[in-house]
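Engineer: this one's structure only:
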């Protein structure tokens with residue numbers, strides 16, 4: 001799929017620039033997904049998981065993280081310098097009742113221990129949750145009626161770009177909320193031009 005091709009390009013560019021990638025592996029990459037899932041199914045009993053327990057507001061979230069070397073499992077032509085595959089099993093216990101186990105698979109160009117992966121994944125989820133909350137509060141993203149073709153992804157990307165422009169702007173009142181800054185930019189051409197870095201000819 002296009003999404004998978006895009007991920008491969010991103011991984012290659014990150015490595016070329018001297019960085020490391022950590023990518024979630026989903027069903028749109030069926031061969032890779034199956035290889036990783038089968039590896040963990042076969043070897044799980046031999047792997048010591050890293051356990052993380054989080055308690056808040058009467059619920060408990062338990063995460064068990066495992067990692068293994070990517071060699072002979074991940075095609076290094078598709079995923080350059082891939083060194084680690086990872087599995088995060090997570091489930092919630094609310095009111096004494098456990099939820100279904102949710103499994104997420106990952107690949108990384110860095111040598112990651114189970115604990116390293118757990119920390120990185122939690123940091124990523126925290127950013128995603130914060131961004132989703134901000135987008136929903138400021139743009140009503142969950143209520144958006146855009147459904148056709150690539151419109152939802154395109155609109156979401158544009159909203160993230162706008163959000164970052166608003167957040168980075170220092171010319172408007174610095175202590176204003178993102179919502180207030182967005183409204184002022186919509187009402188005032190000069191404020192909007194400043195945010196976009198535009199200057200009249």
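Structural biologist: Cool, got the structure. Everything quoted here is computed from the prediction, not taken from an experiment.

Engineer: Could you pull out the strands in the protein for me?
Structural biologist: Remark: strands assigned in the chain by DSSP state E are 22-25, 50-56, 59-69, 84-94, 97-98, 102-108.

Engineer: least reliable of the ones you listed going by mean pLDDT?
Structural biologist: Note on these: lowest mean pLDDT is at strand 97-98, with a mean of 81.

Engineer: now for that one, which elements pack on it?
Structural biologist: The helices and strands touching strand 97-98, judged by 3 or more C-beta pairs under 8 Å, 6 or more residues apart in numbering; DSSP states H and E, number zero. Quick note: C-beta positions are derived from backbone N, CA and C, even for glycine.

Engineer: Relative to it, what are the paired strands and their orientations?
Structural biologist: Under the criterion DSSP bridges, strand 97-98 sits next to strand 84-94 (antiparallel) in its sheet.

Engineer: Now do stretch 97-114: distance from first to last residue.
Structural biologist: 26 Å (C-alpha to C-alpha, to the nearest Å).

Engineer: Only the buried residues of that stretch, if you could.
Structural biologist: Within stretch 97-114, the residues that count as buried by 16 or more other C-beta atoms under 10 Å are 104, 105, 106, 107, 108, 109, 112, 114.

Engineer: picking that back up, redo the strands of the chain as JSON lines? Include distance to residue 36.
Structural biologist: What follows is the strands of the chain, written out as JSON lines (distance: least, C-beta to C-beta, whole Å):
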{"stretch": "strand 22-25", "distance to residue 36": "6"}
{"stretch": "strand 50-56", "distance to residue 36": "18"}
{"stretch": "strand 59-69", "distance to residue 36": "9"}
{"stretch": "strand 84-94", "distance to residue 36": "5"}
{"stretch": "strand 97-98", "distance to residue 36": "25"}
{"stretch": "strand 102-108", "distance to residue 36": "5"}
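
Engineer: where does the chain dip in pLDDT?
Structural biologist: Low-confidence segments of the chain (pLDDT under 70): 1-5, 125-175, 182, 185-186, 189, 191-201.

Engineer: and residue 40, which of the strands of the chain is closest to it?
Structural biologist: Evaluated over these, closeness to residue 40 peaks at strand 84-94, with 4.7 Å, by C-beta to C-beta.

Engineer: what angle separates that closest one from strand 102-108?
Structural biologist: Angle, strand 84-94 to strand 102-108, by axes from the mean of the first three to the mean of the last three C-alpha atoms, to 10 degrees: 160 degrees.
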